[in-house]
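Chemist: Curious how this folds, go ahead:
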Amino acid sequence: MARKRAPFELAETVIPAGRQVSVKIPAVRLYTDTPMDLHVEVFHGVKDGPTLLVCAAVHGDELNGIDICRRLIKKLNPKRLHGTVMIVPIVNVFGFIQQTRYLPDRRDLNRCFPGSDQGTVGSRLAYLFSSMLMCRASHIIDLHTGAIHRSNMPQIRANIKDPAALAMAEAFHVPIILHAKELDGSVRATASKLGASAIIYEAGEALRFDQAAIKAGLNGVLNVMKELGMVQRRGSRVKFEPLIANHSQWVRNEYDGVIINRIQLGSRVNKGQIIGYSASPHGDTEHPIRSPIDGVVIGISNIPVANEGEALFHIAKISTEQITEAGEIVDSFIEDFDTRVL
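Modeler: Now for the predicted structure:
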């Protein structure tokens, strides 16, 4: 007789193998003394396997990840699952309600981890999340978008020196993997200290749903689950090896003015190439904006006016030899996820 898998326990809730259970963990309170919960959807599989934490809206205005979580919840069946999945669609409940990136005191929750049970609101929320959920996870996927008025091309950010994180990043199957250091106070840095491998998916813009980015994100999470042996599914239809960039650079405006854009997300650019112009609104001057490196545009400002020093384009550095390959990879990816139904 096969051994029955032990139940999964979270916040005094016992989840038997083969069950899906919604767990609401008391988190924080509003000024009105209204309680707010951290809602966790737990899928406890019938077979042994990894424990995957998928979370979104650590920044409260980053909405694509919420819809990825919503669709993922509808896809999973705990009776066919190896391991356990914890899904938290909204981590920063304060920011989500106020449609802002930050907490009420203007702090960034993604700089508050691992937190403290005696600290500020952000510190307490981070402590709850890390001590009750992150510490139970072997793998973590943290879903993000660009900031307000900035769009990110679908990309993975990870410590590629961690073999498990690199395997997750490659399995996710988006065009660019950006090696990014773990910032103090972030989910990824805390995950590393807890012994979990974590990646960040970045795609789209704050306060907007981007359907292609959502589809690519859902597909990516399921691809990672397949790589971890948690689910069985067909692989991605897109066939390419993601490009790995060890460095990226923001191009900043050198003159006040309106921005005349000559590129778009996913464009491959060469060092010295004109990628736009900073022009006087009165029509008397026009200054070229040039790419400082060879690479692929992975982030872009959507506001066509900028003061001196403001960030305009985010470019992931790749070699000159990879420029043509990058174009083919990005074109293939965009064509697939603009039409895919998930």
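
Chemist: Just give me the neighbour total for residue 77.
Modeler: Using other CB atoms under 10 Å, residue 77 is surrounded by 12 other residues. C-beta: built from backbone N, CA, C; applies to glycine.

Chemist: Show the pLDDT at it.
Modeler: In this model, residue 77 is scored at 97, pLDDT.

Chemist: Please apply the same query to residue 283.
Modeler: At residue 283, pLDDT is 85.

Chemist: and the closest residue to residue 250 other than its chain neighbours, what are its phi and psi?
Modeler: Nearest non-adjacent residue to residue 250, counting by CB to CB, 6 or more residues apart in numbering: residue 311, 4.4 Å away. For residue 311, the backbone dihedrals (degrees, to the nearest 10) come out as phi -70, psi 130.

Chemist: can I assume residue 311 is in contact with residue 251?
Modeler: Yes: between residue 311 and residue 251 there is a contact under CB atoms under 8 Å: 7.5 Å.

Chemist: Counting neighbours around each, name which of these two comes out higher.
Modeler: With neighbours defined as other CB under 10 Å, residue 311 and residue 251 compare such that residue 251 has more, 22 against 15.

Chemist: Report the secondary structure element holding that one.
Modeler: Applying DSSP states H and E as the criterion places residue 251 in strand 248-252.

Chemist: ok, residues contacting that strand?
Modeler: Applying CB atoms under 8 Å, 6 or more residues apart in numbering, the contact partners of strand 248-252 are 178, 275, 289, 291-293, 295, 298-299, 309-317.

Chemist: Paired strands for it, with orientation please.
Modeler: When pairing is defined by DSSP bridges, strand 248-252 lines up against strand 311-317 (antiparallel).

Chemist: Whichever helix or strand comes after the strand it pairs with packs against which elements?
Modeler: Note on strand 311-317: by DSSP H and E, the next helix or strand toward the C-terminus is helix 323-339. When contacts are defined as 3 or more CB pairs under 8 Å, 6 or more residues apart in numbering; DSSP states H and E, helix 323-339 sits against strand 150-158, helix 211-227, strand 243-245, strand 268-269.

Chemist: Restrict the contacts of strand 248-252 to the buried ones and give me that as a PyMOL selection.
Modeler: PyMOL command restricting the contacts of strand 248-252 to the buried ones, with burial defined by 16 or more other CB atoms under 10 Å:
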select buried, resi 178+275+289+291+292+293+295+298+299+312+313+314+315+316+317
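
Chemist: can you give me the helices in the stretch 101-250 of the chain?
Modeler: Using DSSP state H, counting those that start in this stretch, the helices of the stretch 101-250 of the chain run over 121-132, 163-172, 187-194, 211-227.

Chemist: Show the average pLDDT along the first one.
Modeler: Mean pLDDT, taken over the full extent of helix 121-132, equals 96.

Chemist: That concludes my questions; thank you for your assistance.
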